[in-house]
Structures are given as structure tokens and as C-alpha cells.
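Chemist: What follows is a predicted structure for the sequence shown.
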Amino acid sequence: MKRIFWKCVGLVLAALALFQVVGGAVVATVALRQMREYLPEGTRFDRAAWSWPIGLRIAGLTVPDPAKKFPFFLQVREMVLQVPVWGLLARPLPVRATLERPHLKVGSENIDFLIGQTERQPEDWMLIPFMGLEEEEKEKEGVPQEEPFFRRLPFIPFGVHIREGRVDVIEEEIRTGQPVFVTDHVNLSLALRGVGAEPVIELKGGGDFVTQEGKKIGFHSVEIRCMPRTRSMEGTMRLRYEQMGDMRNLYQQAPRPVLIEGGIADFSMQFALKDGRHAKLTASCLVQNLDLSGLAGDGVPWADIMHAVEDEDRVYQWTVTTEGDLTDPRFNPHDYVLSEVEWRMKEKAASRGLKIPGPMFFYADTEGEE
């Protein structure tokens, strides 16, 4: 009897294993076929294979640049898509994605192209809709649809992990012949927890700013926690860049042109959003040896202003907090922070004998601003 029992157990386990293998392979084949339909035209990859237990492993993925300016938009050494066993019963299909050494090339042209194809309805992503339903509804209404570069995939990212990524930000008008900046060794984790109950989206990651030769010249980090059902969000981010001369021409087209000749900048921000309306923001910035060319106010050189506000080590720093209702047209966090910093800099400069009569920064109503 014992032998018969264990033989039965063995047969059941073997059948389950066979079902898992065959079922996983079938799911992978179907997923690959669907991915070919949803990825942009011109996307290619070296090979694809089933990944245990239910998943797809794609090597050498290349997505073309939608603006046709760069050799590619995205390259990924290896991408693994995994569906949990319980996820086969869920719709949309939950997928965990891992991207090994992704390399992204972005500039204003391809970003503008993609933004132009995006539905600007923040409630859509806040509520995490069933991807693809919006297009289906429009088709039912008889609204003609332009073929988008990225179609909405019929699944929802249950988790995304980026390992050792790289981003080249390229803008010829700011820095000719090389990226404005490069961030490397990017590791990022995006997780969706509590699906169907109280979903929480958590984003955490960071990386290094590097030169073309790979020398580290700064770092960045981010942590964000989003609660879509309550329309709430909180998070922190920090950026440190130690070669600001790379950004020399960033404000060359401003109403009052300013050139950044060099220095170090360290910026951090904490923010919180409640009920989709009430926002609180705390921003801090430290600059050292920041050399600027150009004029502020009614013709006061920026070089004179910086020397008037810096300490003996050529360091200047500030922290500003603001909060208010985003539905109030009078609440403008960007302009509030700048106006507070401007007031503090003018006050400190005046205490050292330098008067700055006109505006220093650019606001929403600055003449010449679009």
C-alpha cells in the first residue's frame, strides 16, 4: 500500500511539474506574440525564452528613437517578465519586470513626441485603470485613433526593478557634441502593493552622475509613496552635481541670459500631497564656488551677487517651506520658493553693501516667458 501511495504521489507531482512547464511555455509564447504587437515598430531583440515558473526572458532588446534622432531610445541587456501563479486569475494581468542594464537616450524631441501622445488626465494613472479600456471605449464611440508609438499593454506592472541602468540626457543647444549629463549605476524599484484593497505604489532608487569617461561627479536618490485611492503622495529626492559648468548654456535663452561657468550644487526636496489638493513642499539647496555670468535685476552682475551672499568658503544655502491648495490659482509653489529665495539673497547682499533693485529670477508673469 505504501508503495502504491508514493507512486501516486510521484505521478501527481510529475503531472503538476509537466503542467507547470507546458503551461508556462504556452503563456510565454502567447506573451511574446502579444508583445510583438504592442511594442513600437522597429523594436528588435536577440532572443526570447520561457522563464521559470511563468515568465518571459528577452535578451538584447532595442526600442528605436521615436524622433529618429538617436541610434536608439532604449536598449536593455536583458528583460525578465514574471507572472505570479495567482496572477493568471487576475485582470489586468499583474507582471513583475526586471531590466538588467537598461540604457536610455532622451532629449527634448523624443520626450515632446511621447508627451504629445499621452492623455493628460492625471486621474487615469492615480486610479490605476485597466490598461487599454480607454482606447476600446473611444473605438466604440467611433472616434478615429492615431496609431501611438507606445500602445497600452494589456497588463499592469506589479513590480519593476531596474539594475545598473544608464541615462544620457542629450540637448545640442545646451551642450554640443556630448550629453548635458549622464547618470549611471541607476538602481530603482517600483512596487504596487495591496492590489484590490488599498493599493500603494512605492518607488525607491538612485544612481550616480558621471562624466563620459565614467568619473563620478555627483549622485541622485528618490523615495516616493503614492496612495491612489486617497489621492495622496509623499516623498523625498536629492540631487548633487559637482560639475555645474556642464550646464553652462542652460539659461542662455532666458529673458535675462545667465551662463553657468562652474561650481557644485546640492538640492533636496520633501513633499506631501493629501486628498489630491493640499500640498506641502520643503526645498533646500546648497551651492559652492558657483560662478555665473550675466546680469540680474537692473544690471547687477550675478558674480557680484554670489560673492555678496557666500561665506568665506564660497558656500551659500537656503531652505524654504510652502503649503497650500493646488486648486487655488493663487498657489504657485515654484514662484513662492523663488520669491522667498530672492528676498533672502537681496537682504543678505544689502547687509554687505550690495543693492539689487530689480527682479533676480524668472516667474510665471516674467516678460518674455512663454
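Modeler: Cool, the structure landed.
Chemist: Run through the helices of this structure in chain order.
Modeler: 2-38, 108-116, 122-126, 133-140, 302-309, 333-351 (DSSP state H).
Chemist: just for the stretch 1-150 of the chain, where's the confidence low?
Modeler: 1-38, 86-92, 116-150 (pLDDT under 70).
Chemist: What number of residues are in the vicinity of the nearest residue to residue 280 once chain neighbours are set aside?
Modeler: Nearest residue to residue 280, sequence neighbours excluded (CB to CB, 6 or more residues apart in numbering): residue 323, at 3.8 Å. Backbone N, C-alpha and C define where each C-beta goes, glycine included. Residue 323 has 15 neighbours, counted by other CB atoms under 10 Å.
Chemist: next one: the one 4 residues further on
Modeler: Neighbours of residue 327 under the rule other CB under 10 Å: 9.
Chemist: how near is it to residue 312?
Modeler: According to CB to CB, to the nearest Å, residue 327 stands 46 Å off from residue 312.
Chemist: just checking, residue 246 touches residue 176?
Modeler: No. Counting by CB atoms under 8 Å, residue 246 sits too far from residue 176 to count as a contact (11.9 Å).
Chemist: Between those two, tell me which one has more neighbours.
Modeler: Comparing residue 246 with residue 176 by other CB under 10 Å, the one with more neighbours is residue 246, at 21 against 8.
Chemist: so what's the more buried one up against?
Modeler: 175, 180, 181 (CB atoms under 8 Å, 6 or more residues apart in numbering).
Chemist: what about 10 Å?
Modeler: Going by CB atoms under 10 Å, 6 or more residues apart in numbering, residue 246 touches 174, 175, 178, 179, 180, 181, 182, 209, 211, 217, 260, 262.
Chemist: between those, which is nearest residue 337?
Modeler: Nearest to residue 337 among the contacts of residue 246, counting by CB to CB, is residue 260 at 19.2 Å.
Chemist: so the closest one bridges to which residues?
Modeler: With DSSP bridges as the criterion, residue 260 is bridged to residue 292.
Chemist: Quick check: residue 292 vs residue 300, distance?
Modeler: On the measure of CB to CB, residue 292 and residue 300 end up 11 Å apart.
Chemist: between the two, which one's more packed in?
Modeler: Neighbour totals were compared for residue 292 and residue 300, and residue 292 leads with 22 against 18 (other CB under 10 Å).
Chemist: which residues sit in contact with that one?
Modeler: Shown in contact with residue 292 (CB under 10 Å, 6+ apart): 244, 248, 251, 258-263, 301-306.
Chemist: Distance-wise, check residue 182 relative to residue 211.
Modeler: From residue 182 to residue 211 the distance is 7 Å (CB to CB).
Chemist: which one of those two has more residues nearby?
Modeler: The neighbour count for residue 182 versus residue 211, taken as other CB under 10 Å, is higher for residue 182 (20 against 15).
Chemist: do you know how far that one is from residue 222?
Modeler: 17 Å.
Chemist: Next one: the residue nearest to residue 280, what pLDDT does it get?
Modeler: pLDDT recorded at residue 323 is 96.
Chemist: Also residue 369?
Modeler: Note on residue 369: pLDDT of 46.
Chemist: do the same with residue 181
Modeler: With respect to pLDDT, residue 181 scores 95.
Chemist: Nearest spatial neighbour of it, chain-adjacent residues omitted?
Modeler: What sits nearest to residue 181 in space, not counting adjacent residues and going by CB to CB, 6+ apart, is residue 169, at 5.4 Å.
Chemist: dump the residue contacts of the spatially closest residue to residue 349 that is not a sequence neighbour.
Modeler: Ranked by CB to CB, 6+ apart and with sequence neighbours excluded, the top spatial neighbour of residue 349 is residue 308, at 4.0 Å. Residue 308 makes contact with 300, 316, 345-346, 348-356, according to CB under 10 Å, 6+ apart.
Chemist: Just give me the closest of those residues to residue 281.
Modeler: residue 345 (19.4 Å).
Chemist: For stretch 162-181, buried residues please.
Modeler: Neighbour counts using 16 or more other CB atoms under 10 Å place 162-163, 165-171, 174-175, 179-181 of stretch 162-181 among the buried residues.
Chemist: from memory residue 111 sits against residue 67, does it?
Modeler: Yes. Between residue 111 and residue 67 there is a contact under CB atoms under 10 Å: 8.6 Å.
Chemist: Tell me which of the two has more neighbours.
Modeler: residue 67 (17 against 13).
Chemist: before we move on, the earlier item: confidence-wise, which of the contacts of residue 292 comes last?
Modeler: The member of the contacts of residue 292 with the lowest pLDDT is residue 251, at 91.
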